[in-house]
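A.B. asks: sequence first, predicted coordinates after that:
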Amino acid sequence: MFTFVSRFGRVRLLQGAVACLVAAGLLLWWLLPLGPPPPSGAVTFSTGGNNGVYQRYGTLLKDYLARDLPLVSVTLRNSEGSQQNLKRVATGEAQFTIATADAVAKYQRDKMPGADRLRGCARLYDDYVQLVTARDQRIRSVAGLKGRKVGVGQDGSGVRLLADRILSAAALDPRTDITAVPAGIDTMPELLEEGKLDAFFWSGGLPTAAVQNLSSRFDISLVPLDPALVGQVHAAGGAASRYYRAAEMPADAYGRAQDNKAVPTIAVANLLVTTDRISDQLVEGFTRTVIRSRDRIGENVHPAQLVDLRTAIYTDPLPLHEGAKRYYQSVKP
């Protein structure tokens, strides 16, 4: 009987020891997870002008990044637009930004500082050129801007880049054939409303809140951009020209301002940009949040809904960052 109890006790002791080891192992696994530590630190995200899509998108994205990457502190910094954004990231003033593909190509072509270090994280959504005028000005085409006061975007913006190219394609000299007013989307609607502009160029996702708000209080028109202009821009050459395509603003983008009709225009892709200085882990996490938050951000910033996992990897003219590549490989069907 004594031998039986002793053997039974040893078995129970052994079972208890095994259970303790398992529990200890689970506790260690929970306290000390395998794999590299989560990304941490502080980053700056260069966005855009007040009331522009870049700025609104960045503000909402910051909230989702705080949830997904709690050890990463994100600071938003407004900018004049794509050209200034690229300079900031390339030179280390910021770590992430949004810029149009044509602005990236120009930055590379001009061999600007840090151009070879730029990397893509995702192709986001397309910007649409919006040539806005007061309806009573009766401007029907780009050629009708001759002799007019025209908002052409801030000097460091992608809008300025596009406006100059479109005017030149329409045989207008941006320096002499118009009175060019270098202003951003935060001021151009009010300048138009006050009669200090006859028209302004804007390039952004649809609809852009500042244009939408203007259309609700002031009688505006969207000037059509003849599809032939795209061909003329392409014919002008340059590395950036191939990133423009003919497109249409859908009839419901701004409703009455378009007479509820589709308006021909020019579109160019936006890219989420970083550099090879940023760790694979941080870029992977950043890219993951951009894709996963698409629909929720899109409830407030409609263009965000157009971010597509199937096309996000096409960041031409930038090579895809290794961290972004790792994310896309992890979700590949």
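C.D. replies: All right, it came through fine. Keep in mind that this is a model prediction, so the values were computed, not measured. Residues are numbered from 1 along each chain as shown.
A.B. asks: what's the local residue count around the nearest residue to residue 164 once chain neighbours are set aside?
C.D. replies: Nearest residue to residue 164 in three dimensions, chain neighbours excluded: residue 174, at 4.7 Å (CB to CB, 6 or more residues apart in numbering). For every residue, glycine as well, the C-beta is placed using N, CA and C. Residues lying near residue 174 (other CB atoms under 10 Å) number 17.
A.B. asks: sec struct for residue 174, please.
C.D. replies: Assigned with DSSP: H, G, I helix; E, B strand; the rest coil, residue 174 falls in the coil class.
A.B. asks: ok, and for stretch 169-177, which residues are buried?
C.D. replies: Using 16 or more other CB atoms under 10 Å as the test for burial, stretch 169-177 gives 169, 170, 172, 174, 177.
A.B. asks: what about it, distance to the chain center?
C.D. replies: Put simply, stretch 169-177 sits 29 Å off its chain's centre (CA atoms, centre = their mean, to the nearest Å).
A.B. asks: that one: end-to-end distance?
C.D. replies: End-to-end distance for stretch 169-177, by CA to CA, to the nearest Å: 13 Å.
A.B. asks: need phi/psi at the closest residue to residue 319 other than its chain neighbours.
C.D. replies: Using CB to CB, 6+ apart and skipping the chain neighbours, the partner closest in space to residue 319 is residue 119 (6.0 Å). With angles defined as degrees, to the nearest 10, residue 119 sits at phi -140, psi 150.
A.B. asks: quickly list what residue 119 is bridged to.
C.D. replies: Residue 119 has these beta-bridge partners by DSSP bridges: residue 274.
A.B. asks: what sits against the spatially closest residue to residue 294 that is not a sequence neighbour?
C.D. replies: Residue nearest to residue 294 in three dimensions, not counting chain neighbours: residue 307, with 4.6 Å by CB to CB, 6+ apart. Contacts for residue 307 (CB atoms under 8 Å, 6 or more residues apart in numbering) come out as 122, 124, 125, 290, 291, 294.
A.B. asks: taking those together, which two end up most distant?
C.D. replies: Using CB to CB, these reach their maximum pairwise distance at 125 and 291, which is 12.5 Å.
A.B. asks: okay, those two: which has more neighbours?
C.D. replies: Each of residue 125 and residue 291 has its neighbours counted (other CB under 10 Å); residue 125 has more, 24 against 17.
A.B. asks: where do the strands sit along the stretch 51-200 of the chain?
C.D. replies: Assigned by DSSP state E, counting those that start in this stretch, the strands in the stretch 51-200 of the chain fall at 72-77, 96-100, 118-134, 149-151, 179-181, 199-204.
A.B. asks: would you map out the domains in this protein?
C.D. replies: Split into domains by automatic domain parsing, the chain comes to 41-124+270-330, 127-269.
A.B. asks: mean pLDDT for those domains - can I get that in TSV?
C.D. replies: Below are those laid out as TSV (pLDDT from 0 to 100):
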stretch	mean pLDDT
domain 41-124+270-330	95
domain 127-269	93
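A.B. asks: what's the helix or strand for residue 328?
C.D. replies: Following DSSP states H and E, one finds residue 328 within helix 322-330.
A.B. asks: now do that helix against strand 118-134, angle only.
C.D. replies: Taking axes from the mean of the first three to the mean of the last three CA atoms, to 10 degrees, one finds that helix 322-330 is oriented at 90 degrees with respect to strand 118-134.
A.B. asks: tell me which residues of helix 322-330 are tucked away?
C.D. replies: For helix 322-330, a neighbour-count test (16+ other CB under 10 Å) marks 323, 324, 325, 326, 327, 328 as buried.
A.B. asks: using CSV, list the CA coordinates for it.
C.D. replies: Taking Å, rounded to 0.1, in the frame of the first residue of the first chain, the C-alpha atoms of helix 322-330 are listed here in CSV:
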residue,chain,number,x,y,z
GLU,A,322,11.5,46.9,-48.3
GLY,A,323,9.2,47.4,-45.3
ALA,A,324,6.2,48.1,-47.6
LYS,A,325,7.2,45.1,-49.7
ARG,A,326,7.2,42.9,-46.6
TYR,A,327,3.6,44.1,-45.8
TYR,A,328,2.3,43.4,-49.3
GLN,A,329,3.9,39.9,-49.2
SER,A,330,2.2,39.2,-45.9
